[in-house]
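Enquirer: just a sequence and a predicted model for now, questions to come.
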Amino acid sequence: MKSKIFSFISKSNQILFFLVAVGIIVTMLSSVIPHTYAPATVKIKKSTEKKNQKEDPAKMQYHKSFYRHIKDVYIIKVQADTIMRKEILYYASPRLASVSNYDQSEHALVNLIFSKEDRKSYKLLVQDAYIISFGIASDGSTASGKYGLNHFKLEKNIYEIVSNDTNGDELLSTKDKKDFYITNYDGKQMKSILKDISNYELIADNLVLITKKVDKQKQFYLFDVTQEKLKLLDTKI
């Protein structure tokens, strides 16, 4: 009888040791393997306020962080879980933000603030939207590209923005139409360059390659930032 008890205890200890070892291995792997993040989305929800009652902007909780100083301008990132647009609220899922250096954040990037020491600050967008990525004007000594890797000169700021729920799924995400914009280094004189783009990349000094799909076929555009000229490349086969 005693031998059976000792045998049971021995087997139990072996099983317990095995489970502890597995737990340690899983913990070690989780610290080594990089975490994956779902594509950023902004959920759309109808306002709970009365029909003729406007949302109080003070109720919106914004998260501000310093991004970069360029010339006489200080750039502040504005992120949020909820943004207000007319009578509709946009809710951003946690940990799902994308900015120029692929920084993973707890809040979606919804605007940029440009501040000058001797002047009143102002926002890039009149109405908050989902800023997928952007590049700030640079002399080439600091990274300006979408992924924070390209050290090319860039005379103007460039942006990739989702403004509307174009596919009707009640989300603002990369599945919606993305538009390409530029501004001066201080966020002034915003101009729309190309609608419904697929991607873009700064490939040389003041030269951006923009990809766009038309009838399921890829089109490639070269945008000269200095001259503000857009050219469609001939890629016919």
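Expert: Right, received. Where do you want to start? What you see is a predicted model; the values in this text were computed from it and never measured. Numbering: from 1, shown residues only.
Enquirer: drop to CA atoms for contacts and neighbour counts, all remaining ones
Expert: Fine.
Enquirer: give the buried residues for stretch 197-210.
Expert: Buried residues in stretch 197-210, counted by 16 or more other C-alpha atoms under 10 Å: I197, S198, N199, Y200, E201, L202, D205, N206, L207, V208, L209, I210.
Enquirer: let me have those in CSV, adding distance to Q227 and secondary structure as columns.
Expert: Formatted as CSV, the buried residues of stretch 197-210 follow (distance: C-alpha to C-alpha, whole Å; DSSP: H, G, I helix; E, B strand; the rest coil):
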residue, distance to Q227, secondary structure
I197, 20, strand
S198, 23, coil
N199, 21, strand
Y200, 18, strand
E201, 17, strand
L202, 15, strand
D205, 12, coil
N206, 9, coil
L207, 10, strand
V208, 12, strand
L209, 15, strand
I210, 16, strand
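Enquirer: low-confidence ranges, this protein, go.
Expert: Within the chain, the stretches falling below the threshold (pLDDT under 70) are 1-60, 83-106, 142-150.
Enquirer: which stretches of it form helices?
Expert: Here the chain has its helices, by DSSP state H, at 2-32.
Enquirer: just the CA trace of stretch 175-191, in PDB.
Expert: Presented in PDB, the C-alpha positions along stretch 175-191 are these (Å, rounded to 0.1, in the frame of the first residue of the first chain):
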ATOM      1  CA  LYS A 175      -9.700  49.500 -45.300                       C
ATOM      2  CA  ASP A 176     -11.300  52.900 -45.900                       C
ATOM      3  CA  LYS A 177     -10.100  55.300 -48.600                       C
ATOM      4  CA  LYS A 178      -6.800  56.900 -47.600                       C
ATOM      5  CA  ASP A 179      -5.800  60.300 -49.000                       C
ATOM      6  CA  PHE A 180      -2.400  61.900 -49.400                       C
ATOM      7  CA  TYR A 181      -1.800  65.500 -48.300                       C
ATOM      8  CA  ILE A 182       1.000  68.000 -47.900                       C
ATOM      9  CA  THR A 183       1.500  71.100 -45.800                       C
ATOM     10  CA  ASN A 184       4.300  73.600 -45.100                       C
ATOM     11  CA  TYR A 185       6.700  72.600 -42.300                       C
ATOM     12  CA  ASP A 186       4.400  74.400 -39.800                       C
ATOM     13  CA  GLY A 187       1.200  72.600 -40.800                       C
ATOM     14  CA  LYS A 188      -0.100  75.600 -42.900                       C
ATOM     15  CA  GLN A 189      -1.500  75.600 -46.400                       C
ATOM     16  CA  MET A 190      -2.800  72.000 -46.500                       C
ATOM     17  CA  LYS A 191      -3.300  70.600 -50.000                       C
END
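Enquirer: so what touches that stretch?
Expert: The contact list for stretch 175-191, computed with C-alpha atoms under 8 Å, 6 or more residues apart in numbering, reads 70, 73, 114, 123-124, 136-137, 155-167, 192-198.
Enquirer: make it 6 Å
Expert: The contact list for stretch 175-191, computed with C-alpha atoms under 6 Å, 6 or more residues apart in numbering, reads 124, 137, 156-162, 166-167, 192-197.
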